[in-house]
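Novice: Sequence first, then the predicted structure:
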Amino acid sequence: MPRRSRAVDAGSGNVFADLGYADAKERTLKVQLAMEVNRLLKARGTTQAETAAALGILQPHVSDLGRYRLDRFSVERLMGFLVALGRDVEIRISARPGRATRAGVRVSHAS
């Protein structure tokens with residue numbers, strides 16, 4: 001049987017942009033922040049009820065957060081969760097070093 005060739009489109013590096021979301025950058029930032037929140041929660045090993053109390057949210061919302069259902073969470077709220085978990089959140093604004101570099105928002109983890 002002859003093999004069929006398939007056309008493959010290269011991704012942009014942002015799955016939300018590739019899917020056509022107008023707010024792709026915000027969605028990406030929310031996922032990055034939620035990943036850090038979930039990493040900290042996993043390290044703590046607390047129950048969803050304990051986590052809900054620590055973050056000031058309802059237990060079903062903890063479940064949503066753990067499953068990355070982030071529609072109910074703003075970027076600011078996710079940053080507030082990080083602060084509640086004992087982390088500092090720093091926003092740094094800087095000039096791009098050159099024309100070739102793409103501007104964007106990054107979340108970096110510092111121990």
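Specialist: Nice, thanks for sending it over. Residues are numbered from 1 along each chain as shown.
Novice: In stretch 28-48, which residues are buried?
Specialist: Thr28, Leu29, Lys30, Gln32, Leu33, Ala34, Glu36, Val37, Leu40, Leu41, Gln48 (16 or more other CB atoms under 10 Å). No exception for glycine: its C-beta is placed from N, CA and C like everyone else's.
Novice: got a list of contacts for it?
Specialist: Stretch 28-48 has contacts (CB atoms under 8 Å, 6 or more residues apart in numbering) with 14, 16, 51, 54, 59, 62-63, 65-66, 68, 70, 73-75, 78-79, 81-82, 85, 87, 105-107, 109.
Novice: Would you list the buried entries among these?
Specialist: Buried among these by 16+ other CB under 10 Å: 16, 51, 54, 62, 65, 70, 73, 78-79, 81-82, 85, 107.
Novice: ok, the residue positioned nearest the centre of the chain to His61 distance?
Specialist: Taking CA atoms, centre = their mean, the centroid of the chain lies closest to Val31, which sits 1.7 Å from it. Distance, Val31 to His61, by CB to CB, to the nearest Å: 16 Å.
Novice: Now the phi/psi pair for the residue nearest to the centre of the chain, please.
Specialist: When read as degrees, to the nearest 10, the backbone of Val31 gives phi -60, psi -40.
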